[in-house]
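Student: build me a model from this:
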Amino acid sequence: MRDHVFEMITQPRVLYLAQSLPASLPMYHVPVHELAERALGDIRQQELLRAGDRVGVAVSGGIDSVALLRLLIELRHELGIVLSVVHFNHKLRGAESEADQEFVAKLAREHGLEFHAASGDVARLAAEEYSGLEAAARDLRYGFFRELLGSGEEPEMELVPETPQGLKPESTMESIGTAEAVPFPNPGRAAAESPPHVLNKIATGHTLDDQAETVLMRVIRGTGLRGLGGIYPRIVVEHEDGDGHGEIVRPLLAIRRCELQRYLADLKQPWREDSTNADSKFTRNRVRKLVLPLLEREFNPAVVESLAELAEIARDEEDYWDNEISGWLGTVVQWSQPDWTRGLPGFDSSPTLVQIQPSHSKVPDPALLARLKESGPAMMNASVSRPWLLTEPRAVQRRVLKAIGEQVGIPLEFKHIEEILRFAAQDGPAGKGLSLPLGWKLVREPEAMVFVTPDLRRQERIPDYQYALPVPGRTMVPEAGVVFEALLVTPEITPESQVAEYNPQQLLSAELLPGGLIVRNWHPGDRFWPAHTKSPKKIKELLQERHVAQPGRRLWPVAVSGDEIVWMRGFSVPARLRAKAGEEAVLIREMPWAVEERTI
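Tutor: Residues are numbered from 1 along each chain as shown. Now for the predicted structure:
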């Protein structure tokens, strides 16, 4: 068969395909769905996809992702892109998860597209990171995306490529615009060993509804301008070797989910329903099924669009401030090497941030080297002009302080920044200090405010911490670098459950908790009685048995109700306090403290 060369010319509602065939043959035209036209306009306006891009479409099997795939198949010639299908199997729903993967694989075969799939132990990662399954699943899924983009980043856990790989079309139709076959490693090898730069873009099916849900959830939980930005249309993923970058793009952020459903119905394209989407245990599901419909019905029929517009405004504002901040960090903020680091392995006297690197020289104090590694990548004092800071608008003051904290790794909440500003405005002698999280100090000088690193040569005592944890509610613990959340749940625990969103070993009976909860670090002499043990043990002994090393051991969190420790990180709750099936329960979980990312 002769090779066909296609020229694409866009007209309203029609794409004309001119073949390099004899002039006597007519020109072919293919109608394009109205929704595909809208998607094309959004993609071009934001320059999400360009000619020559190798695009992996992340397909779970649900409405959003299947619609995204079908839309991009319609538009691939017009856009000049090469498509493949990407699927991550979380293996959380047993046979249902396997059926999802087979559905997506079949969809790839039907359209002659290369298929990339992998899986990971989401439940194990959630247990190791003390996080929920949703967060663990997202971490592994995006780790897989970064591997396909050739970022060089190590995955959280081993990602196992799934068969079948390198799928070819079952039909005899000629596949146009398909990816070249780039076979995955044999099953069982880590995805990190896969060939780099397989793709240069991953497209995900986030919709206008997802955007509104994300913004609303962040408002409810508490957020700043960055969090209001919601889901970003693109995320740049830098390659570790410096050879370019990849991107994760969201072409459907301006389209409602109901429009995608109608589109698939027009195409008579089936999709898979995820049973967990109806589970009210998930916060997003409750917002989707209860909160947003209530707001639309009672307050604003266009609330979804309004929240999405708010996100767009916030993203533009944040981009502006990011540019301003980068200039301040290099001019207004002065960086200096702490005196105590001079001469230590891994430090130099360069004017830029000192990077802690392993040293091959003999280290007289291995414990010090361990503490240096624990402290993070940057260990520099930061100084900002006090007169300049106090004469700037409040918004600038907060931004500068927050940026310094992010640069050196100090988890500064709103209350910390307000305390710093009050401290800076006070009159008083030079040299007075203010304690900050993680052992940092702020020293007031006549003309400057200096952020001083903790001296890690000494075993400086990190102050005890204690925070009230409302039920339901959340609280941030900067000393431990985590956010604790207490959820009220009514679990459905059955012997057949292989994986549950809420581990029954971690569910406390709400009825048996006499008062509010307190989260604090353990104290010498504290005892805890985890389920399946004969008697209470000293927490020090429990941590030693688990081989928890310093300095993490010192800050290990517990939750107290009344005078009793009812929860301890990494251990099951006491047997007598465990919730029974169907009983209202309290789940305590923690999430790493971090600046809200654009990858959610």
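Student: give me the buried positions along stretch 37-57.
Tutor: Residues of stretch 37-57 classed as buried under the neighbour-count rule (16 or more other Cβ atoms under 10 Å) are 37, 39, 40, 42, 43, 48, 49, 53, 54, 55, 56, 57. All C-beta spots, glycine's among them, are computed from the backbone N, C-alpha and C.
Student: which of those lies closest to residue 255?
Tutor: Ranking these by separation from residue 255, with Cβ to Cβ as the measure, puts residue 39 on top at 6.8 Å.
Student: returning to that earlier point: which of the buried residues of stretch 37-57 lies closest to residue 571?
Tutor: Proximity of these to residue 571 (Cβ to Cβ) peaks at residue 56, which lies at 40.4 Å.
Student: what's the following helix or strand after the helix or strand where the closest one lies?
Tutor: Under the criterion DSSP states H and E, the helix or strand holding residue 56 is strand 54-58. For strand 54-58, the following helix or strand on the C-terminal side (DSSP H and E) is helix 63-79.
Student: who does that next one touch, helix- and strand-wise?
Tutor: Packed against helix 63-79 by the contact rule (3 or more Cβ pairs under 8 Å, 6 or more residues apart in numbering; DSSP states H and E) you find strand 6-11, strand 14-19, helix 34-46, strand 54-58, strand 82-89, helix 257-267.
Student: mind listing the strands for the stretch 501-600 of the chain?
Tutor: Per DSSP state E, counting those that start in this stretch, the stretch 501-600 of the chain carries strands over the ranges 507-509, 517-521, 527-528, 537-538, 557-561, 564-568, 585-592.
Student: nearest to residue 387, of those strands?
Tutor: Residue 387 lies closest to strand 585-592 among the strands of the stretch 501-600 of the chain, at 36.6 Å (Cβ to Cβ).
Student: list the pairing partners of that closest one within its sheet, with orientation.
Tutor: Within its sheet, strand 585-592 is paired with strand 482-489 (antiparallel), strand 507-509 (antiparallel), according to DSSP bridges.
Student: possible to save those as CSV with mean pLDDT and mean neighbour count?
Tutor: Output for the strands paired with strand 585-592, formatted as CSV (pLDDT from 0 to 100; neighbours: other Cβ atoms under 10 Å):
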stretch, mean pLDDT, mean neighbour count
strand 482-489, 84, 19
strand 507-509, 86, 22
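Student: can you list these in CSV and add distance to residue 206?
Tutor: Supplementary listing: the strands paired with strand 585-592 in CSV, determined by distance: least, Cβ to Cβ, whole Å:
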stretch, distance to residue 206
strand 482-489, 23
strand 507-509, 31
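Student: and of these, who's closest to residue 570?
Tutor: Ranking those by distance to residue 570, with Cβ to Cβ as the measure, places strand 482-489 first at 12.8 Å.
Student: quick one on the thing from earlier: from the buried residues of stretch 37-57, pick the one nearest residue 565.
Tutor: Checking the buried residues of stretch 37-57 against residue 565 by Cβ to Cβ gives residue 56 as the nearest, at 47.3 Å.
Student: quick one, what contacts that closest one?
Tutor: Contacts were defined as Cβ atoms under 8 Å, 6 or more residues apart in numbering; by that measure residue 56 touches 83, 84, 85, 86, 116, 145, 148, 198, 199, 201, 202, 203.
Student: just the CA atoms of the host helix or strand of the fifth one, as PDB, please.
Tutor: Spelled out, that is residue 116. Taking DSSP H and E as the criterion, residue 116 maps to strand 114-119. As requested, C-alpha coordinates have been extracted for strand 114-119 and formatted as PDB (Å, rounded to 0.1, in the frame of the first residue of the first chain):
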ATOM      1  CA  GLU A 114       1.200   1.700  22.300                       C
ATOM      2  CA  PHE A 115       0.300   0.700  25.800                       C
ATOM      3  CA  HIS A 116       2.400   1.500  28.900                       C
ATOM      4  CA  ALA A 117       1.200   0.000  32.200                       C
ATOM      5  CA  ALA A 118       2.700  -0.600  35.700                       C
ATOM      6  CA  SER A 119       1.500  -1.300  39.200                       C
END
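Student: so for residue 513, what's the pLDDT?
Tutor: pLDDT, the model's per-residue confidence, is 82 for residue 513.
Student: and for residue 277?
Tutor: As predicted, residue 277 sits at a pLDDT of 73.
Student: can you report how many residues lie near the closest residue to it other than its chain neighbours?
Tutor: Excluding the flanking residues, the one nearest residue 277 by Cβ to Cβ, 6 or more residues apart in numbering is residue 285, at 6.4 Å. A count of neighbours around residue 285, defined by other Cβ atoms under 10 Å, yields 15.
Student: surely residue 285 is in a helix?
Tutor: Yes: counting by DSSP: H, G, I helix; E, B strand; the rest coil, residue 285 falls inside a helix.
Student: who does the strand holding residue 56 pair up with?
Tutor: Within its sheet, strand 54-58 is paired with strand 82-89 (parallel), strand 201-203 (parallel), according to DSSP bridges.
Student: okay, the ones you listed in JSON lines with mean neighbour count, mean pLDDT and distance to residue 591 next?
Tutor: Rendered in JSON lines, the data for the strands paired with strand 54-58 read as follows (neighbours: other Cβ atoms under 10 Å; pLDDT from 0 to 100; distance: least, Cβ to Cβ, whole Å):
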{"stretch": "strand 82-89", "mean neighbour count": "24", "mean pLDDT": "95", "distance to residue 591": "21"}
{"stretch": "strand 201-203", "mean neighbour count": "25", "mean pLDDT": "96", "distance to residue 591": "24"}
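Student: and the strands of the stretch 501-600 of the chain, which one averages the lowest pLDDT?
Tutor: Set side by side, those differ in mean pLDDT, and strand 585-592 is lowest with a mean of 82.
Student: distance from the chain centre to that strand, please.
Tutor: How far strand 585-592 lies from its chain's middle: 17 Å, per Cα atoms, centre = their mean, to the nearest Å.
Student: ditto for stretch 319-329
Tutor: Computed by Cα atoms, centre = their mean, the separation of stretch 319-329 from the middle of its chain amounts to 23 Å.
Student: can I get that stretch in CSV, CA atoms only?
Tutor: The C-alpha coordinates for stretch 319-329 follow below in CSV (Å, rounded to 0.1, in the frame of the first residue of the first chain):
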residue,chain,number,x,y,z
ASP,A,319,3.0,33.6,38.9
TYR,A,320,3.4,37.3,39.4
TRP,A,321,4.5,36.9,43.0
ASP,A,322,6.9,34.0,42.1
ASN,A,323,8.8,36.3,39.8
GLU,A,324,8.9,39.0,42.4
ILE,A,325,10.1,36.6,45.1
SER,A,326,12.9,35.2,43.0
GLY,A,327,14.3,38.7,42.7
TRP,A,328,14.0,39.4,46.4
LEU,A,329,15.8,36.2,47.4
